[in-house]
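> sequence and computational prediction follow.
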There are 2 protein chains.
Amino acid sequence: MLNSLEDAQQELIKNIEPLAAEPVSLLEAVGRISSTEILADCNMPGELRSAVDGYAVNPDLSGNYDQLLVIGQLKMGEVPNSPLVPGQAIGVLTGGLLPDGAVAVIPHEKVQIKDNYLKSLEFVKPGNNFKQPGEDFHKGDLILGQATRITPGLVALLATFGHGQIQVYHRPRVSILSLGSNVVPCSSQAARGEIRDANGPMLASLVKLDGGLISSVELAGQKDMTQIKTQLLQMLEQSELVITTGGTYTDGINEIHVLIDEIGARPLFREIPIQPGSHNGGAVLGSRLIISLSGNPAACAVGYHLFAAPALRALQGIEPLLPRVNAICSSRYTKKTASRRFVRALATPREDGWAVSILPGQKPSMIRSLVDCNALIDLPPGHPPMEAGLEVSILLLDRSAV
Amino acid sequence: MLNSLEDAQQELIKNIEPLAAEPVSLLEAVGRISSTEILADCNMPGELRSAVDGYAVNPDLSGNYDQLLVIGQLKMGEVPNSPLVPGQAIGVLTGGLLPDGAVAVIPHEKVQIKDNYLKSLEFVKPGNNFKQPGEDFHKGDLILGQATRITPGLVALLATFGHGQIQVYHRPRVSILSLGSNVVPCSSQAARGEIRDANGPMLASLVKLDGGLISSVELAGQKDMTQIKTQLLQMLEQSELVITTGGTYTDGINEIHVLIDEIGARPLFREIPIQPGSHNGGAVLGSRLIISLSGNPAACAVGYHLFAAPALRALQGIEPLLPRVNAICSSRYTKKTASRRFVRALATPREDGWAVSILPGQKPSMIRSLVDCNALIDLPPGHPPMEAGLEVSILLLDRSAV
């Protein structure tokens, strides 16, 4: 079995194909991932247009723009039907078509008009304030790459080229199963010995931010192994990815290993030596994935970012792994770290680079460190206690910015 | 009237109150903004628990952990019903309650068990691997601040404290109106002189990313001013914010100024000297807002980020303005800039700070610069042409990371 994080991640990603494509209205497309590329089917703009509100001008026969007869005003969208002859000007609007014979456009605030004669207040260079055909895009240019996240700017571009609907990868359907017979729904009164389910709602929220669709968020509760097996198989029917949490050490056995073996899934990795979350695992059944995470909330969150988020991104056809940057750590960290350790942290872009601080509440069972967590500090195995002010390598959890 | 960007932004924000609150299920809460604070109603954990899977131990009478009788195994969620006496050990699970008399917990991988007697392989410090009552949160601690964006970590925390539903600010309803009689829907064939609506879909996408709900995306098209006035008033009935685009110079008049005056809205700012988008404006009618943006796509996008996005954030009760950082600009920029200018750019977090590059296609009519735009370089008025490698001040458009 694999035993480095990077090997486990590669093994996972190797087993993932992007989902099928579906059409989506352009008004709903932002944030989705394109499944096909689109080329420009014409020049943009398609023909010569004015870049400003002003006057299309043709100099008089001696080349002057000082005494031009204003022959009218083109309205919004009007197609000019006669050419501009030397000595003439005509009012034009931003984006409006220009008459033949136009040599330049002068902005309205740069002309003086008296008795229907125009005088330019600025030096006029031929082509000034023209939008040339194809100046923004040429016919044949790539306007949408394959596997590209749709930004508002791309929406504008696709709209301009008439694509009211585009093809995007399906959003991965995800089911979440919290194991542990004493775990009760978060809205329950928990009796002594019971624990409210924090991981289910947390994982559902993470999945939503990573573009997944939640099929179900369930607890195993008091079910026996046969019933849980049925529950897990149903989830795998309804979803591309099932994330389980807890059950990694129950009454001396690893319940989720047993479940994975019993349903005939193929383990991809198990027991990767990282803290928190050394019991995380991944498995595949046909085209369906199972990521099994520790039940401790911090371990569950770290495992999500290292394994489940990359799976969700690979299913949507995009670069799976978290971006990594260096940051100056403003906190000391006195714990010696035998295993490779992911410390929950708050990264802040500063004028002179990234700063990062270690969040309070670093025990794997604690939730406090997760509240503001937007980065993980990656400390190598055997890392000595650390003074404040050192440079560390961090993973940025919120990838919408990068 | 105001004439600096900052004054205009402050005037806008001053006129905005956060919307009313509504309840939302915790499973749907991620990304929403809390309207009330919540305090911890108990310690978390509520009583002593084990931090690991292992053995709760009580040393023998001489203080040794070398020969302890294993008296059983506590099951998941089991409430221990008898104390551990000196010389005894009992199997416990992570998060499980501990029997009275337990002095520490030894992880299962750090013990040797032979003939039901346990020997610790590690030095045992009293309290080792205990989760102390209140170690994560004390009763009375603030667990959710007011006007806080709900993160997945906060969802976990709220779940642990039993909040299956919380109060959040309503999402602002937004209508978008594209003016211009020659602007046609993006899925139409555009005739000569007509232009497909790129701004409507782009603005709808931006609003969605900023937490708004789209009420309608419409064109004024061939409607006359009376009809457009009715359309605008209907939009203001259905939405907290109406964003208009275009119509800032139509046949020599500023159509949107006329509309705003005719419906009796109070202008907050007009004609702020920035490029692109000097014709942007803001107005208020009762509690409803109108942001009027230029019809040129780049000017429309810049105006959105400077005025509409802050309005949407203020309506949701959070810090309205874009975060600003310094960045090293890898591009030259040879255009002299008389007005303050917002250059569309791509910012990248680097190991040693922010880098930014100027995107191609900087004419206000062009869409190319918007496709990858995640930052605006803020060049002051009169800024000279700029060589590559200089430090510039940038606004980060994607605030989910910061």
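That came in fine, so what should we check first?
> what parts of the stretch 251-400 of chain A come near chain B?
A:251-252, A:295-297, A:301, A:323, A:325-326, A:348-354, A:361, A:363-374, A:396, A:398, A:400 (C-beta under 8 Å from any C-beta of the partner chain). Every residue, glycine included, has its C-beta placed from N, CA and C.
> could you rerun that using 6 Å?
A:297, A:325-326, A:349, A:351-353, A:365-368, A:370-371, A:373, A:398, A:400 (C-beta under 6 Å from any C-beta of the partner chain).
> give me the low-pLDDT residue ranges for the stretch 151-300 of chain A?
A:249-252 (pLDDT under 70).
> give me the number of residues near the closest residue to chain B within it?
The minimum distance from the stretch 151-300 of chain A to chain B, using C-beta to the nearest C-beta, falls at residue A:182 (2.5 Å). Neighbours of residue A:182 under the rule other C-beta atoms under 10 Å in any protein chain shown: 22.
> same question, residue A:382
10.
> go on, residue A:102?
When neighbours are counted by other C-beta under 10 Å, residue A:102 comes out with 24.
> picking that back up, from the residues of the stretch 251-400 of chain A next to chain B, which is closest to residue B:314?
residue A:400 (21.3 Å; C-beta to C-beta).
> what's the burial count for residue A:343?
So residue A:343, with other C-beta under 10 Å, has 28 neighbours.
> go on, residue A:288?
With other C-beta under 10 Å as criterion, residue A:288 counts 18.
> so what's it bridging to?
Counting by DSSP bridges, residue A:288 forms beta bridges with residue A:285.
> for the nearest residue to the residue of the stretch 151-300 of chain A closest to chain B once chain neighbours are set aside, phi and psi?
Leaving aside its chain neighbours, residue A:182 sits nearest to residue B:77 (2.5 Å; criterion: C-beta to C-beta, 6 or more residues apart in numbering or on different chains). The phi/psi pair for residue B:77 (degrees, to the nearest 10) reads phi 80, psi 0.
> mind listing what residue B:77 touches?
A:181, A:182, A:193, A:194 (C-beta atoms under 6 Å, 6 or more residues apart in numbering or on different chains).
> as a markdown table, these with secondary structure and distance to residue B:216 would be great.
Shown next, in a markdown table, are the contacts of residue B:77 (DSSP: H, G, I helix; E, B strand; the rest coil; distance: C-beta to C-beta, whole Å):
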| residue | secondary structure | distance to residue B:216 |
| --- | --- | --- |
| A:181 | coil | 50 |
| A:182 | coil | 50 |
| A:193 | coil | 53 |
| A:194 | coil | 48 |
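> which helix or strand lies directly C-terminal to the biggest strand by length in chain A?
Ranked by residue count, the top strand of chain A under DSSP state E comes out as strand A:340-350. Per DSSP states H and E, the first helix or strand lying C-terminal to strand A:340-350 is strand A:353-358.
> and the next helix or strand after that following strand, what other elements does it pack with?
Proceeding N to C from strand A:353-358, the next assigned helix or strand is strand A:375-379, under DSSP H and E. Where contact means 3 or more C-beta pairs under 6 Å, 6 or more residues apart in numbering or on different chains; DSSP states H and E, strand A:375-379 is packed against strand A:340-350, strand A:390-396.
> switch the cut-off to 10 Å
strand A:324-329, strand A:340-350, strand A:353-358, strand A:390-396 (3 or more C-beta pairs under 10 Å, 6 or more residues apart in numbering or on different chains; DSSP states H and E).
> in its sheet, what does the second one sit against?
When you say that, I think you mean strand A:340-350. With DSSP bridges as the test, strand A:340-350 pairs up with strand A:274-275 (parallel), strand A:353-358 (antiparallel), strand A:375-379 (antiparallel).
> and the ones you listed, which is most packed in?
strand A:375-379 (a mean of 23; mean count of other C-beta atoms under 10 Å in any protein chain shown).
> can I get the strands paired with strand A:340-350 in JSON lines with distance to residue A:238?
Output for those, formatted as JSON lines (distance: least, C-beta to C-beta, whole Å):
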{"stretch": "strand A:274-275", "distance to residue A:238": "30"}
{"stretch": "strand A:353-358", "distance to residue A:238": "39"}
{"stretch": "strand A:375-379", "distance to residue A:238": "30"}
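> care to break chain A down by domain?
A:5-19+A:171-315, A:21-44+A:135-169, A:49-131, A:324-401 (automatic domain parsing).
> next, count neighbours for residue A:191.
10.
> residue A:369 reaches residue A:343, doesn't it?
Yes - under the contact definition of C-beta atoms under 10 Å, residue A:369 touches residue A:343, with a separation of 8.4 Å.
> what touches both of the two?
By the contact definition C-beta atoms under 10 Å, 6 or more residues apart in numbering or on different chains, residue A:369 and residue A:343 are jointly contacted by A:298, A:358, A:359, A:362.
> for residue A:174, grab the count of nearby residues.
The burial count for residue A:174: 30, using other C-beta under 10 Å.
> equivalent analysis for residue A:364, please.
Residue A:364: 21 neighbours (other C-beta under 10 Å).
> quick check: the gap between residue A:13 and chain B.
Using C-beta to the nearest C-beta, to the nearest Å, one obtains 22 Å as the distance from residue A:13 to chain B.
> who does the helix or strand encompassing that residue touch, helix- and strand-wise?
Here residue A:13, judged by DSSP H and E, is contained in helix A:5-14. In terms of contacts (3+ C-beta pairs under 10 Å, 6+ apart), helix A:5-14 is packed against strand A:266-270, strand A:281-285, helix A:309-315.
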